[in-house]
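Q: build me a model from this:
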Amino acid sequence: MASRFFFSALISLAAICSVAPSGQAQFGGMPEKSFDEYTRPTVPDYTDPSSWAALPDTQDAADLAPPGTSVPEAQAMALVDVFYLHPTTYRGAENWNQDIAMDDVNEWTDISVIARQASAFNGCCKIYAPRYRQATISALGAKDDSGMRAYGLAYEDVLAAWRHYASTWNEGRPFIIASHSQGTFHAIRLLEEEIDGTPIAGQMVAAYIIGIGINEGIFGRSLKSMTLCSGATDSNCIISWNTFTRDGDPEPGVNRLKERYRARFDTSEGEEIACWNPISATLSGGDVSASGNLGALPGAAALGNLPALTQGFGAGCRDGSLYTDKPMTDDFKLVLFAGGNLHMHDFDLFYENIRKNAVVRTAAFLAKQ
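A: Prediction:
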């Protein structure tokens, strides 16, 4: 089953975690009982706006735009949608999955990633971001199948939210899938099982699914009607990268992704990891200087407006990973994981390039219609 393979991919990136408002990684510990010993949180009702972190007709954190951006917020007139799946923001040990009635978790979701990730797409698109019974961060370290089952429950909500969006709001509109970390785990499965090879696949501008490596060989195997984006205006394609410091070592995670790929498809052909450079807007893009970085989003999650954009750093793809300079000041409230993993900053460091590319890519898609 696809979920098993991609859960293993998450384990290979065990440094993935949520971050508390102080900027320090914090964990609530492991749930004391197995998955079946807990009552499932209430199933979200996606006809209720409160089950969404962002909707185009509500005032929410996805409406924010940082001072200094060249792309104003434009959801009211947008002709394209974004279906955004947030990363892990639940650190609790009360259950294996978040109850979406937990206001403290929802507030952290909104200020940490709806504001600082989903908002990158509000210059091109109407944003739909469901709340879902996300797996807790400690699901990554579960000793039994509780973690995998927690991710399976979370995906049930993602699928229900997608189907509600597709049947209620889409109405034939072009769309982007956007995600990070746990959200990308679910996005990959959604693409494989629900979108690829179906009529709605032709409406997909692109999928910006960040923070989990994508083996190049899945195209033509588990994804048959999609490709990797090779440039700034390609459509019906997928964009992926994982960010490391210049001296970082992504090899342990990369090797596990390749091992799982070989186990799944019984071949090493296509096991290489895809890397799209958000600065050059090209697949496997070589090193680009800081002058090509249109603006990074500094600071840490906080209530209120986003901070002003600041000059970012150059970056380049090498052997399936994206390498960039490590911010040396406290401006970025840097969270650095083992091996030089800048996972928590996959969006922040390239915010304005992502924002601008989404506008350019959607305009090119619409021009072909």
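Q: all strands of the stretch 1-150 of the chain, in order?
A: 52-54, 80-85, 125-130 (DSSP state E, counting those that start in this stretch).
Q: neighbouring strands - and their directions - for the last one?
A: The one in question is strand 125-130. When pairing is defined by DSSP bridges, strand 125-130 lines up against strand 52-54 (antiparallel), strand 80-85 (parallel).
Q: how about the CA coordinates for that strand, as CSV?
A: Extracted in CSV, the C-alpha atoms of strand 125-130 (Å, rounded to 0.1, in the frame of the first residue of the first chain):
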residue,chain,number,x,y,z
CYS,A,125,-4.7,31.8,-6.2
LYS,A,126,-7.6,31.3,-3.8
ILE,A,127,-6.4,29.3,-0.9
TYR,A,128,-8.2,26.3,0.6
ALA,A,129,-6.4,24.7,3.6
PRO,A,130,-8.2,22.1,5.6
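Q: show me what that strand is in contact with.
A: 44, 46, 51-56, 62, 75, 78, 80-86, 114, 118-119, 121, 157-158, 161, 165, 169, 175-176, 358, 362 (C-beta atoms under 8 Å, 6 or more residues apart in numbering). For the C-beta atoms, the positions are set from N, CA and C on the backbone; glycine is no exception.
Q: now the angle between strand 125-130 and the helix or strand containing Glu352, please.
A: In this assignment (DSSP states H and E), Glu352 forms part of helix 351-367. If you take axes from the mean of the first three to the mean of the last three C-alpha atoms, to 10 degrees, helix 351-367 sits at 110 degrees to strand 125-130.
Q: run the chain-centre distance for helix 351-367.
A: Its chain's C-alpha centre and that of helix 351-367 lie 17 Å apart, by C-alpha atoms, centre = their mean, to the nearest Å.
Q: could you give me the average pLDDT of that helix?
A: Per-region confidence: helix 351-367 scores 98 on mean pLDDT.
Q: mind listing residues that contact that helix?
A: With C-beta under 8 Å, 6+ apart as the test, helix 351-367 has contacts from 66, 68-71, 79-80, 82, 116, 120-121, 123-125, 174, 176, 205-206, 208, 232-235, 278-279, 281, 292-297, 309, 312, 347.
Q: tell me which residues in that helix are buried?
A: Tyr351, Glu352, Asn353, Ile354, Arg355, Lys356, Asn357, Ala358, Val359, Arg361, Thr362, Phe365 (16 or more other C-beta atoms under 10 Å).
Q: so, low pLDDT: which residues of this protein?
A: Applying pLDDT under 70 to the chain flags the ranges 1-28.
Q: for it, which helix is longest?
A: Longest helix in the chain by number of residues (criterion: DSSP state H): helix 146-165.
Q: quick one: the helix or strand just after that one to strand 125-130, angle?
A: Counting by DSSP H and E, the next helix or strand C-terminal to helix 146-165 is strand 175-180. Interaxial angle of strand 175-180 relative to strand 125-130 (the same axes, to 10 degrees): 50 degrees.
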